[in-house]
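A.B. asks: Generate coordinates for the sequence data below:
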Amino acid sequence: MTVLGGIGFASPWLLLALLALPVLWLILRAVPPAPIRRRFPGVALLLGLKDDESVSDRTPWWLLLLRMLAVAAVILGLAGPVLNPNRAQEGSGPLLIVLDASWAGATHWSDKMELIESQLTEAGRAGRPVAVLRLTAPEPLQFQAADVWRNRLPGLLPAPWA
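C.D. replies: Numbering: from 1, shown residues only. Alright, predicted model coming up:
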């Protein structure tokens, strides 16, 4: 993930499409060739009439600018911007995992377990002690090795509030 000024991009290679905006500007400013004029006999009846609406032969600059900004916004949106992306943070102290194990937290339980397992793996590599605090059944904190908590992870299930 590339970070520019606190904003990260999931697909930073899509930002290269911004280089094509000047070419798009030239294409949008191009005027199509004038149509071939052929005299139609029925037009003689329309001679002398005034046209209230005049059509310009060029697109106004502000409309071109608005179109270019819209295309740039689409390109930036497709690049996947993330505000304050999660950077790898190394810690040395104990790790406390606070777990909402209520019915409200049970909707994405498998995702939460995967995240906790990855955190336990990182803590195990760093040799950090870990404690897990379940909000539905609070117990005194027991800081233990990450492997101990990884073995107890399948036993953690969502429970209703007492």
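A.B. asks: Look at Val71 and give its secondary structure.
C.D. replies: helix (DSSP: H, G, I helix; E, B strand; the rest coil).
A.B. asks: Settle this for me: it is touching Pro22, isn't it.
C.D. replies: No - applying CB atoms under 8 Å, one finds Val71 not in contact with Pro22, separated by 11.5 Å. (Glycine included, C-beta is placed from N, CA and C.)
A.B. asks: More neighbours: those two, which one.
C.D. replies: Neighbours per residue (other CB atoms under 10 Å) separate Val71 from Pro22, with Val71 holding more: 17 against 10.
A.B. asks: For the more buried one, give me its contacts.
C.D. replies: 21, 24 (CB atoms under 8 Å, 6 or more residues apart in numbering).
A.B. asks: where does it land on pLDDT?
C.D. replies: For Val71, the pLDDT comes out at 93.
A.B. asks: where's it relative to Gly80, distance?
C.D. replies: Taking CB to CB, to the nearest Å as the measure, Val71 falls 17 Å from Gly80.
A.B. asks: now do Gly6
C.D. replies: Using CB to CB, we find Gly6 at a distance of 15 Å from Gly80.
A.B. asks: so what's the spatially most central residue of the chain up against?
C.D. replies: For the chain, the residue sitting closest to the mean C-alpha position, by CA atoms, centre = their mean, is Gly80 at 3.7 Å. For Gly80, the contact set (CB under 8 Å, 6+ apart) comprises 9-11, 14.
A.B. asks: State the number of residues packed around the residue lying closest to it once chain neighbours are set aside.
C.D. replies: For Gly80, ignoring the flanking residues on the chain, the nearest one in space by CB to CB, 6 or more residues apart in numbering is Ala10 at 3.1 Å. By the criterion of other CB under 10 Å, Ala10 has 13 neighbours.
A.B. asks: who's in contact with Ala10?
C.D. replies: Counting by CB under 8 Å, 6+ apart, Ala10 touches 1, 79-82.
A.B. asks: buried set for stretch 130-144?
C.D. replies: Residues of stretch 130-144 classed as buried by neighbour count (16 or more other CB atoms under 10 Å): 130-132, 134, 136.
A.B. asks: And the helices in the protein?
C.D. replies: With DSSP state H as the criterion, the chain has helices at 21-29, 61-78, 109-126, 146-152.
A.B. asks: Of the ones you listed, give the one that comes closest to Pro140.
C.D. replies: helix 146-152 (15.0 Å; CB to CB).
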